[in-house]
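Chemist: sharing a model that was predicted from the sequence below.
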Amino acid sequence: MIGRLNHVAIVVPDLDAAASLYRNTFGATVSAAKDQPAHGVTTVFVRLDNTAIELLHPLGADSPVAKFLERNPSGGVHHVCYEVDDIYAARDKLKADGMRVLGDGEPKIGAHDKPILFLHPKDTNGTLVELEQVSA
Ligand SMILES: CC[C@H](C(=O)O)C(=O)SCCNC(=O)CCNC(=O)[C@H](O)C(C)(C)COP(=O)(O)OP(=O)(O)OC[C@H]1O[C@@H](n2cnc3c(N)ncnc32)[C@H](O)[C@@H]1OP(=O)(O)O
Ligand SMILES: [Co+2]
């Protein structure tokens, strides 16, 4: 079911500083920051040869990453994102296997304008897992 590693997400206390670290110190290709109000975050993507790093910072009062940043004030790895061909088939199989899908269980459109969903970290070895459908 899961395919490539689409991205590893890191919540950061200072998005500009983190983007500069990857762009200027690591010499990586770094996107501009983009507010994602529907998700309560601002994102910056670092393009690597084999995957991407998603830098995240809370956006708005109800950001789902705010408590994570409070718990980890220097930042930290927040989630991994695996690609799937069919997110609805994946969701239904995972739910049938007893996994909890976060939110209302319906995929939302993510940063790549593709459907995404999240699984409860307690069901995935304490690691928040995001699934992203590779086809539109
Ligand atoms: C723009 C879209 C973009 C994309 O790639 O397309 C994104 O990735 S959007 C990213 C931001 N959105 C989300 O993360 C949505 C899914 N996440 C959530 O709904 C929350 O973060 C949630 C429910 C996983 C945790 O929320 P919160 O921290 O407020 O809840 P609790 O404090 O009650 O935590 C419950 C329990 O889970 C542990 N926890 C929390 N976050 C993580 C994490 N990132 N990885 C692992 N474990 C996590 C937390 O420590 C609690 O455990 P406990 O043992 O009870 O202390
Ligand atoms: Co993500």
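Modeler: Received it, and whenever you're ready, just let me know what you need. Ligands and ions are numbered 1, 2, ... in the order given.
Chemist: select the longest helix from the protein.
Modeler: Counting residues, the longest helix in the chain under DSSP state H turns out to be helix 87-96.
Chemist: surely Ile53 is in contact with Thr43?
Modeler: No. Contact status for Ile53 versus Thr43: not in contact, 10.5 Å apart, counting by CB atoms under 8 Å. From N, CA and C alone the C-beta is placed, and that goes for glycine too.
Chemist: setting aside sequence neighbours, what's the nearest residue to Asp16?
Modeler: Beyond its immediate neighbours in the sequence, the residue positioned closest to Asp16 (CB to CB, 6 or more residues apart in numbering) is Ala33, lying 7.7 Å away.
Chemist: doesn't Phe45 make contact with that neighbour?
Modeler: No. The pair formed by Ala33 and Phe45 falls short of the contact definition of CB under 8 Å, at 9.7 Å.
Chemist: could I get the buried residue list for the longest strand anywhere in the chain?
Modeler: Taking DSSP state E as the criterion, the chain has its longest strand at strand 76-84. The neighbour-count check on strand 76-84 (16 or more other CB atoms under 10 Å) flags 78-84 as buried.
Chemist: again with stretch 80-98
Modeler: Buried residues in stretch 80-98, counted by 16+ other CB under 10 Å: 80-84, 87, 90-91, 94.
Chemist: redo those as TSV? Include distance to ligand 2.
Modeler: As requested, the buried residues of stretch 80-98 are exported to TSV (distance: CB to the ion, whole Å):
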residue	distance to ligand 2
Val80	8
Cys81	5
Tyr82	11
Glu83	12
Val84	14
Ile87	14
Ala90	16
Arg91	16
Leu94	17
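Chemist: okay then, goodbye and thanks.
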